[in-house]
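Enquirer: Structure here, sequence nowhere to be found:
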């Protein structure tokens, strides 16, 4: 239990990782812990939107843990250039360190789930990734462009950067997202 409590104390640091995405009321930027919670709610509410049959409990678990690595590796927004190989290595090391605080069996389970999310190849992971792209898209539309305005992002760039991940898990979510994006850029 001490190892589990140590892990739970450590992940409190995720609340300090500030993302670029503003809250919809624009009072401040969201943090990564809030983002993960919000994604879990997206999964719960939009579970029927997946193109495949998914285990929504696994999807929620993925979404709750997917950004824990940002405690060590930081958040790297989709619209900012980054060295992807270096970032992947930082995240892998962060996953080993942070999940390694847990008892071995739990560590292995969560790391395996984290890698599955990262790969995005299972139906559960594809749906989780679609929600991970959909949520900031919704925030950007609701805030008059949010990070898109800050990064000078075009409609084509939005569709190219968000489209494959959203469509990969849910054609209905991508259809809605495309419509929202088109209306925003009119």
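Expert: Cool, the structure landed. Computed from a predicted model, the values in this text were never measured in an experiment.
Enquirer: after the lengthiest helix in the chain comes which helix or strand?
Expert: Counting by DSSP state H, the longest helix found in the chain is helix 123-142. Of the helices and strands lying after helix 123-142 in sequence (DSSP states H and E), the nearest is helix 146-150.
Enquirer: now the helix or strand following that following helix: mean pLDDT?
Expert: Moving toward the C-terminus from helix 146-150, the next helix or strand (DSSP H and E) is helix 155-169. Average pLDDT, helix 155-169: 95.
Enquirer: Okay, buried residues for the helix or strand just after helix 155-169 please.
Expert: Later in the chain than helix 155-169, the nearest helix or strand by DSSP H and E is helix 171-185. Neighbour counts using 16 or more other Cβ atoms under 10 Å place 173-174, 176-178, 180-181, 184 of helix 171-185 among the buried residues. From N, CA and C alone the C-beta is placed, and that goes for glycine too.
Enquirer: what does stretch 70-85 give?
Expert: 70-73, 75-76, 78-79.
Enquirer: before we move on, what about stretch 137-147?
Expert: Neighbour-count burial for stretch 137-147, counted by 16+ other Cβ under 10 Å, picks out 137-143, 146-147.
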